[in-house]
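Asker: take this sequence and fold it.
(2 chains)
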Amino acid sequence: QKEVEQDPGPLSVPEGAIVSLNCTYSNSAFQYFMWYRQYSRKGPELLMYTYSSGNKEDGRFTAQVDKSSKYISLFIRDSQPSDSATYLCAMSVNYGGSQGNLIFGKGTKLSVKP
Amino acid sequence: DAGITQSPRYKITETGRQVTLMCHQTWSHSYMFWYRQDLGHGLRLIYYSAAADITDKGEVSDGYVVSRSKTENFPLTLESATRSQTSVYFCASKDATGPQHFGDGTRLSIL
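Answerer: Predicted coordinates for the structure are as follows:
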């Protein structure tokens, strides 16, 4: 079993839809959870960053962490064509040393159609 | 406002050649990282560095060498390139408590 599982998609939605992206993980020691957005031929760009369980909201984006289920989600409200990208989840046990290294999901490719 | 820059952006070389990928950051971040991104595998850690002159292996370090004589630079060298090292390479950096920030990558093709 991979440490972090993420459905690669592709996921295609109409403009204005609510998008739900998810990752599951197996290591209960993970405490730091991140979502990155990656446009074609660009590097991953940090979208959301949360510590431990709970929700975090930033504009149209909401990140949720459920440590009891080892499940994290990213919701995108009122999706736009400019949201079309690959979304990567990432997590780590700690911030520094080898335990601060990120474990990534393989990414979900999202396409928002006008 | 340069942030983190990688060079070259594209590189084509032949098997057996030595090739060095450059990474430079202007934030004075202590941590720097090298990843490779391949279809079906996602991002995999090659090497990381916690500070100048401190480096450590990641998941897929065989065939790669790094150095970090200055905080801002973290070059990655393929000593004798193989076709299996054809990939997109990303450099990232972070400070002690923040998340990682990535460069835009180097697309490396080995013929």
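
Asker: all strands of chain B, in order?
Answerer: Ranges of strands within chain B are B:4-7, B:10-13, B:19-25, B:31-38, B:42-51, B:54-57, B:64-66, B:76-78, B:87-94, B:101-102, B:106-110, based on DSSP state E.

Asker: any regions of the chain where pLDDT drops low?
Answerer: All of this refers to chain A. Counting by pLDDT under 70, chain A shows low-confidence ranges at A:1, A:95-99.

Asker: not quite, go with chain B.
Answerer: B:1-2.

Asker: spatially central residue in chain B, please.
Answerer: B:W34 (3.2 Å; CA atoms, centre = their mean).

Asker: if we can go back for a sec, now the strands of chain B in a markdown table, with distance to A:F75?
Answerer: (Each C-beta comes from the backbone N, C-alpha and C, glycine too.) Formatted as a markdown table, the strands of chain B follow (distance: least, CB to CB, whole Å):
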| stretch | distance to A:F75 |
| --- | --- |
| strand B:4-7 | 29 |
| strand B:10-13 | 36 |
| strand B:19-25 | 32 |
| strand B:31-38 | 25 |
| strand B:42-51 | 22 |
| strand B:54-57 | 36 |
| strand B:64-66 | 38 |
| strand B:76-78 | 36 |
| strand B:87-94 | 26 |
| strand B:101-102 | 23 |
| strand B:106-110 | 32 |
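
Asker: quick check: which of these is nearest to A:D78?
Answerer: Nearest to A:D78, of all the strands of chain B, is strand B:101-102, at 26.6 Å by CB to CB.

Asker: which strands and helices sit next to that closest one?
Answerer: strand B:87-94 (3 or more CB pairs under 8 Å, 6 or more residues apart in numbering or on different chains; DSSP states H and E).

Asker: and the angle from the strand it packs on to strand B:31-38?
Answerer: 160 degrees (axes from the mean of the first three to the mean of the last three CA atoms, to 10 degrees).

Asker: quick one: contacts of strand B:87-94?
Answerer: With contact meaning CB atoms under 8 Å, 6 or more residues apart in numbering or on different chains, strand B:87-94 is reached by A:43-44, B:4, B:6, B:21, B:23, B:25, B:27, B:29-38, B:43, B:46, B:74, B:76, B:100-103, B:105-108.

Asker: over to stretch A:16-28?
Answerer: A:1-7, A:11, A:13, A:35, A:67, A:70-79, A:83, A:87, A:89, A:91, A:93, A:103, A:105, A:108, A:110, A:112.

Asker: how about 7 Å then?
Answerer: Contact with stretch A:16-28 is made by A:1, A:3-6, A:13, A:70-79, A:87, A:89, A:91, A:105, A:108, A:110, as judged by CB atoms under 7 Å, 6 or more residues apart in numbering or on different chains.

Asker: in contact with B:D62, which residues?
Answerer: Contacts of B:D62 (CB under 7 Å, 6+ apart): none.

Asker: would you mind writing the CA trace of stretch A:31-41 as PDB?
Answerer: Extracted in PDB, the C-alpha atoms of stretch A:31-41 (Å, rounded to 0.1, in the frame of the first residue of the first chain):
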ATOM      1  CA  GLN A  31       0.600  16.100  11.000                       C
ATOM      2  CA  TYR A  32       1.200  18.600   8.200                       C
ATOM      3  CA  PHE A  33      -1.000  18.600   5.100                       C
ATOM      4  CA  MET A  34      -0.700  20.600   1.900                       C
ATOM      5  CA  TRP A  35      -2.300  21.000  -1.400                       C
ATOM      6  CA  TYR A  36      -0.300  22.200  -4.400                       C
ATOM      7  CA  ARG A  37      -1.600  23.300  -7.800                       C
ATOM      8  CA  GLN A  38       0.500  22.500 -10.900                       C
ATOM      9  CA  TYR A  39      -0.100  24.100 -14.300                       C
ATOM     10  CA  SER A  40       1.300  22.400 -17.400                       C
ATOM     11  CA  ARG A  41       5.100  22.900 -17.600                       C
END
